[in-house]
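S.K.: My questions are about this predicted structure, shown below with the sequence.
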Amino acid sequence: MTNAALVGADADSANWISHGRTYSEQRYSPLDAVNRDTVGDLGLTWFADMDTARGQEATPLVIDGKL
């Protein structure tokens, strides 16, 4: 990861390379595949049962199309 990639992340809608997606941590996704017409089609695809009572929290990152 380069400084230029982090600073220019707002122009890169295909990747989510940091916690808040952009250098300024806006947490806004410019993707438009999910909208008012398609949100009803969403469903659970997979899950992992974690062996912990407190749960898990993380921010998924996407870099070069890889989650």
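M.R.: Received the coordinates, thanks.
S.K.: Low-confidence stretches in the protein?
M.R.: The chain contains no residues with pLDDT under 70.
S.K.: any chance you could map the helices in it?
M.R.: Taking DSSP state H as the criterion, the chain contains helices spanning 3-7.
S.K.: Check the gap between residue 24 and residue 43 for me.
M.R.: From residue 24 over to residue 43 the distance is 32 Å, taken as CB to CB, to the nearest Å. (Glycine included, C-beta is placed from N, CA and C.)
S.K.: More neighbours: the two, which one.
M.R.: Using other CB atoms under 10 Å as the criterion, residue 24 and residue 43 rank with residue 24 on top: 10 against 5.
S.K.: list the contacts for the more buried one?
M.R.: Contact analysis of residue 24 by CB atoms under 8 Å, 6 or more residues apart in numbering lists residue 10.
S.K.: Please apply the same query to residue 63.
M.R.: 1, 15, 17.
S.K.: May I have the phi/psi pair for residue 21?
M.R.: Dihedral pair for residue 21: phi 70, psi -50, per degrees, to the nearest 10.
S.K.: what's the burial count for it?
M.R.: By other CB under 10 Å, 22 other residues sit near residue 21.
S.K.: most neighbours, which of the contacts of residue 63?
M.R.: Highest count within the contacts of residue 63 by other CB under 10 Å belongs to residue 17, 17 neighbours.
S.K.: And that residue, how far from residue 40?
M.R.: Applying CB to CB to residue 17 and residue 40 gives a distance of 30 Å.
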